[in-house]
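Peer 1: Below is the sequence, then the predicted model.
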Amino acid sequence: MSSESASTTAIIYTHTDEAPLLATYSLLPIIQAYAAQAGVPVETRDISLAGRIIAAFADRLPEEQRTPDALAELGALAKTPQANIIKLPNVSASIPQLKAAVAELQALGYALPAYPDEVSSDEDRDTRARYDKIKGSAVNPVLREGNSDRRAPESVKRYARNHPHSMGAWSPDSRTQVATMTDGDFRHSEKSVVIAADDTLRIEHVDEDGTVTVLKESVPVLAGEVVDSTRMDVAKLRAFLTEQIARAKADDVLFSVHLKATMMKVSDPIIFGHVVRAFFPALFEEYGEVLADAGISPNNGLAGLLAAAVTLPRGADVEQAVIAGLAAGPRLAMVDSDRGITNLHVPSDVIVDASMPAMIRTSGHMWGPDGQEGDTLAVIPDSSYAGIYQAVIDDCREHGAYDPATMGSVSNVGLMAQAAEEYGSHDKTFEITAPGSVRVVNGAGETLLEHDVDAGDIWRACQTKDVPIRDWVRLAVSRARATGDPTVFWLDETRAHDANLIAKVNAYLPEHDTAGLDIRIMSPVEATKLSVERIRQGLNTISVTGNVLRDYNTDLFPILELGTSAKMLSVVPLINGGGMFETGAGGSAPKHVQQLVKENYLRWDSLGEFLALAESFKHYSEATGNARAKVLADTLDRATGTFLNENRSPARKVGSIDNRGSHFYLALYWAQELARQSDDAELAAAFEPLAKTLAENEQAITAELIGVQGSPVDIGGYYRPDPEKTTAVMRPSQTFNDAIASLAAG
Ligand SMILES: NC(=O)C1=CN([C@@H]2O[C@H](COP(=O)(O)OP(=O)(O)OC[C@H]3O[C@@H](n4cnc5c(N)ncnc54)[C@H](OP(=O)(O)O)[C@@H]3O)[C@@H](O)[C@H]2O)C=CC1
Ligand SMILES: O=C(O)CCC(=O)C(=O)O
Ligand SMILES: [Mg+2]
């Protein structure tokens, strides 16, 4: 089947990375077997980090190693009404991850160039440009051609209330605090304009002598689009960081930094590098030049720095300086205290959306170098969104931890389509090399936005198109109508960008019937206070936010309410009519892969996949008229309900059912629902024998699945696991495999 004809008729299930990929090896064969009975093809496309690297260098690889650019194909598909994509989380690679993936592929025989830290030739420039396109959040902005609708379905919320997850108690004496800048950051420097007519903008740097350097030649814009620019004053950033490090030391709390070096792939690694510099002043005073000359950047974290420094003549001295710096500074929060991995080791290890809620769930604690929990100074340099975490912390300190058995819910409608807001800043973010100004100029040569800058400052521009804003308002009203819940736009009228958005929201709301709906506009901090107050009363609130708060809120509230964002329903109604169904709101859980390899146990919870799949079948049925797809959806919904009632989610430890066992139970309940339903007798007959076989063999299958656990396994790679080895590991029950195979045979 060619990809064009496939795209009009098939559901595309993405082949990604890490834990979700492992789960796919077990779950996808079940899905394909069931869907085939209803005439619904389910195909895969490889958008894994390794797959994207291979595709990007296809022209430099021999014929037999080449693969097509599946991400480009799906990006184009997402713009069509035919799109029906199930999107699993994928690695948004930091440079250390990218390098590791390249090394693994090279070892597999792919003659890929190394990532050039220093660029000295045209070839380097080309190689670097290809890798830079792959790194960071490179998949989601391409596929997300719609806004985001993330929520906990009622059945999931009920499950969480009946099986409340653990929640660390909060003390009124907690000294945990958020530290954020009050001046000179992105928040305080922001300027914003609404574009009057379709145009092409240019971004220029003007140095102190008036010499103009074009930073970006062409930024096409449409009428009604919001364009912002802003700067991080690096002198102020460094002063702020030095102050916070001293403060954490004086207060004897842990020091931690929380960034999004993956999604904000240009700005945040630079900020991360400044944190590393500020934490180790003596190291950089002494060896800064040596490290820089060797192309070793603190932006990639302490782990990369230490590994690379070993090769230097004074490598041992550098290592000693790091040890001395750790001893001299405040106690540094740890990612893994057993393995000595600090908060400053790898930029992709401290991703704010997951790291802050995990801390709030654990009594406001992080882990210290001694492996003990402790209060922390959580540094979030830019103040645009940091205040929401402080508001939650203040609430917990005052009223204690939330109670998952009784708390309400905060769902999210997020603006993200067409690379909205910070998502689109990657190719418009610059680390400034000389003092002067940066300006955004329109086609007529007029300056629309301008900032004074100094060398080292980070300057960035963002774009938010009008069509997505309009669609976001529509989606917010439709969720408000569907639920009757208060619906709050988290917008701050004192922020330049938000002020423009507020005007648009006020213009577009009257296009809808909002009679009887409670729709408000509040600053993020005030909206947080309202939402947590309602949560404590067991009440639900819809948060309608921009892209970054979409990311933050859809981990923050689910982690507090459900224990994990993996249990979220995450739908992206694509603006051109297609559907994308994301599986949960979390990431690719690297820790889970380590556990599988060590003890053949995968604790990944595929509930997000089950929820996405049901929505995808529903959409398929509506788009194609295939009534059987609707039967698949309805029966899967009911099966997921039983799955939750029976508490068949993976446990965390060896000896219980894990991800594979949870897939068996889903297959059992789904087959039983299909056999039982009366909408389609033929389909019922097709599933009756399977339902019987699975039920009869429950003991045997779970015994086979649990029996393999407990010892190390080989999946033949991390970023490019070997398909045969991984299949063998992820499908270890012959009885179960035979039963699924019998469906096709029958
Ligand atoms: N949509 C996407 O494509 C996204 C991709 N990412 C990427 O994922 C990677 C890891 O990100 P990170 O910030 O560490 O966040 P993760 O969400 O991957 O991990 C945080 C923790 O969340 C829990 N968790 C997440 N998903 C599940 C699940 N399905 N079942 C059970 N537990 C789950 C696990 O906790 P525990 O250990 O307690 O079990 C996990 O260790 C990065 O490369 C990041 O860029 C991140 C977010 C979204
Ligand atoms: O695109 C990414 O890097 C991660 C996105 C994410 O965390 C989210 O969508 O919640
Ligand atoms: Mg997120």
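Peer 2: Ah, there it is. Ligands and ions are numbered 1, 2, ... in the order given.
Peer 1: Can you report phi and psi for Lys216?
Peer 2: Backbone torsions of Lys216, given as degrees, to the nearest 10, read phi -150, psi 120.
Peer 1: Based on its surroundings, how many neighbours for Ala294?
Peer 2: By the criterion of other CB atoms under 10 Å, Ala294 has 18 neighbours. Where you see a C-beta, it was placed from the backbone N, CA and C, and this is true even at glycine.
Peer 1: What of the one 10 residues further on?
Peer 2: By the criterion of other CB under 10 Å, Gly304 has 21 neighbours.
Peer 1: interface residues of the stretch 501-650 of the chain facing ligand 3?
Peer 2: 551, 555 (CB under 5 Å from the ion).
Peer 1: which ones are touching whichever residue of the stretch 501-650 of the chain sits closest to ligand 2?
Peer 2: Of all residues in the stretch 501-650 of the chain, Asp551 sits closest to ligand 2, at 4.4 Å by CB to the nearest ligand atom. Contacts here follow CB atoms under 8 Å, 6 or more residues apart in numbering; on that basis Asp551 touches 260, 263, 353, 414.
Peer 1: Keep only these that also lie close to ligand 2.
Peer 2: Filtering the contacts of Asp551 for proximity to ligand 2 by CB under 6 Å from any ligand atom leaves 263, 353.
Peer 1: quick one: which of the contacts of Asp551 is most hemmed in?
Peer 2: Gly414 (29 neighbours).
Peer 1: what's the nearest residue to it if we skip its chain neighbours?
Peer 2: Arg550 (2.6 Å; CB to CB, 6 or more residues apart in numbering).
Peer 1: Please pull out the lowest mean pLDDT helix or strand from the protein.
Peer 2: helix 3-9 (a mean of 47; mean pLDDT, DSSP states H and E).
Peer 1: Report the spatially closest residue to the residue positioned nearest the centre of the chain, excluding sequence-adjacent ones.
Peer 2: When CA atoms, centre = their mean is applied to the chain, the residue found nearest the centroid is Gly587 (5.2 Å). Nearest non-adjacent residue to Gly587, counting by CB to CB, 6+ apart: Pro89, 5.0 Å away.
Peer 1: if I read this right, that neighbour contacts Pro590, doesn't it?
Peer 2: No. Between Pro89 and Pro590 there is no contact under CB atoms under 8 Å: 11.0 Å.
Peer 1: The two: who's more crowded?
Peer 2: Pro89 (26 against 15).
Peer 1: Surely that one is in a strand?
Peer 2: No. Membership of Pro89 in a strand is not supported by DSSP: H, G, I helix; E, B strand; the rest coil, which gives coil.
Peer 1: Flag the least confident of the contacts of Asp551.
Peer 2: When the contacts of Asp551 are compared on pLDDT, Met263 comes out least confident, at 91.
Peer 1: So which residues on this structure come close to ligand 3?
Peer 2: Going by CB under 5 Å from the ion, the residues of the chain near ligand 3 are 353, 551, 555.
Peer 1: could you check the distance from the second one over to Ala38?
Peer 2: In other words, Asp551. Using CB to CB, to the nearest Å, one obtains 35 Å as the distance from Asp551 to Ala38.
Peer 1: can you list the residues of the chain near ligand 1?
Peer 2: Near ligand 1, when you scan the chain using CB under 6 Å from any ligand atom, you find 89-92, 140, 262, 348, 351, 354, 564, 566, 584, 586-591, 603-605, 608.
Peer 1: restrict those residues to contacts with ligand 2.
Peer 2: Counting by CB under 6 Å from any ligand atom, the members of the residues of the chain next to ligand 1 near ligand 2 are 92, 140, 262.
Peer 1: okay if I get the residues you listed as a markdown table plus pLDDT and neighbour count?
Peer 2: Conversion of those to a markdown table gives the following (pLDDT from 0 to 100; neighbours: other CB atoms under 10 Å):
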| residue | pLDDT | neighbour count |
| --- | --- | --- |
| Ser92 | 94 | 24 |
| Asn140 | 96 | 21 |
| Thr262 | 90 | 23 |
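Peer 1: Cross-reference the residues of the chain next to ligand 3 with the helices and report the matches.
Peer 2: 353, 551, 555 (DSSP state H).
Peer 1: In this protein, what residue lies closest to ligand 1?
Peer 2: Residue nearest to ligand 1 within the chain: Gly587 (2.5 Å; CB to the nearest ligand atom).
Peer 1: Distance of that residue relative to Asn140?
Peer 2: In terms of CB to CB, Gly587 sits 11 Å off from Asn140.
Peer 1: Report pLDDT for the one residue in the stretch 1-150 of the chain that gets nearest to ligand 3.
Peer 2: Of all residues in the stretch 1-150 of the chain, Pro89 sits closest to ligand 3, at 8.8 Å by CB to the ion. As predicted, Pro89 sits at a pLDDT of 97.
Peer 1: Kindly report the same for Asn737.
Peer 2: pLDDT, Asn737: 98.
Peer 1: hang on, it packs against Arg731?
Peer 2: Yes. The pair Asn737 / Arg731 is scored as a contact, 5.5 Å apart, by CB under 8 Å.
Peer 1: Tell me where this protein is predicted with low confidence.
Peer 2: Applying pLDDT under 70 to the chain picks out residues 1-8.
Peer 1: Following the record's annotation, map out the domains of it.
Peer 2: As recorded under automatic domain parsing, the domains making up the chain are 11-145+574-745, 177-182+233-398, 188-232+430-461.
Peer 1: Same list (those) but as JSON lines, adding distance to Ala405.
Peer 2: Formatted as JSON lines, these follow (distance: least, CB to CB, whole Å):
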{"stretch": "domain 11-145+574-745", "distance to Ala405": "15"}
{"stretch": "domain 177-182+233-398", "distance to Ala405": "15"}
{"stretch": "domain 188-232+430-461", "distance to Ala405": "41"}
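Peer 1: what's the closest of those to Gly424?
Peer 2: domain 11-145+574-745 (7.1 Å; CB to CB).
Peer 1: closest to Ser531 out of the domains of the chain?
Peer 2: Across these, closest to Ser531 is domain 177-182+233-398 (CB to CB), at 9.1 Å.
Peer 1: and the closest one, how far apart are its ends?
Peer 2: From its first residue to its last, domain 177-182+233-398 covers 13 Å (CA to CA, to the nearest Å).
Peer 1: got it, and stretch 9-20?
Peer 2: Using CA to CA, one end of stretch 9-20 lies 24 Å from the other.
Peer 1: which residues are contacting stretch 671-684?
Peer 2: With CB under 8 Å, 6+ apart, stretch 671-684 has contacts from 34, 37-38, 627-628, 630-632, 634-636, 638-639, 642, 686-688, 690-692, 694-695.
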